[in-house]
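with the sequence up front, the predicted model follows.
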Amino acid sequence: MTSRLTTRTVTFTRPFILDEINSELPAGSYTVETEEEPLDGVSFLAYRRVSTSFIVRPGPEVTGTQMWLIHPDGLAAALERDRETAPAG
């Protein structure tokens, strides 16, 4: 079997920082790609994560597309912090 790639969009309402990126990124929507490979030797279909990539597209504050390998737990924590600080509404 071949690996699979899933893509999703995450949105931050405020500027944020991820451990793997050395600068603050602006609020906005970002693409996250997760590559997984099938596990061999099991009696059911299962995958393990190989990599998670965080993609920043060109915009007013970013020139050129940028991609970082990140840990999904750090992304989840950053999204949780963003939700906690988002204005009620």
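Everything's here; your move.

and the pLDDT for Ala88?
Note on Ala88: pLDDT of 67.

check Ala76 too.
96.

can you check Leu18 too?
pLDDT, read off for Leu18, is 96.

ok, Phe12 next?
97.

determine the number of other residues adjacent to it.
18 (other C-beta atoms under 10 Å). All C-beta atoms are positioned from the backbone trio N, CA, C, and that covers glycine.

now do the contacts for it.
Leu25, Ala27, Gly28, Ser29, Tyr30, Ala78, Leu79, Asp82 (C-beta atoms under 8 Å, 6 or more residues apart in numbering).

of these, which belong to strands?
Members of those lying in strands (criterion: DSSP state E): Gly28, Ser29, Tyr30.

just give the nearest non-adjacent residue to the second one, would you?
Right, Ser29. Closest residue in space to Ser29, ignoring its immediate chain neighbours: Thr11 at 4.6 Å, by C-beta to C-beta, 6 or more residues apart in numbering.

any idea whether that neighbour is helix, strand or coil?
Here Thr11 is recorded as strand under DSSP: H, G, I helix; E, B strand; the rest coil.
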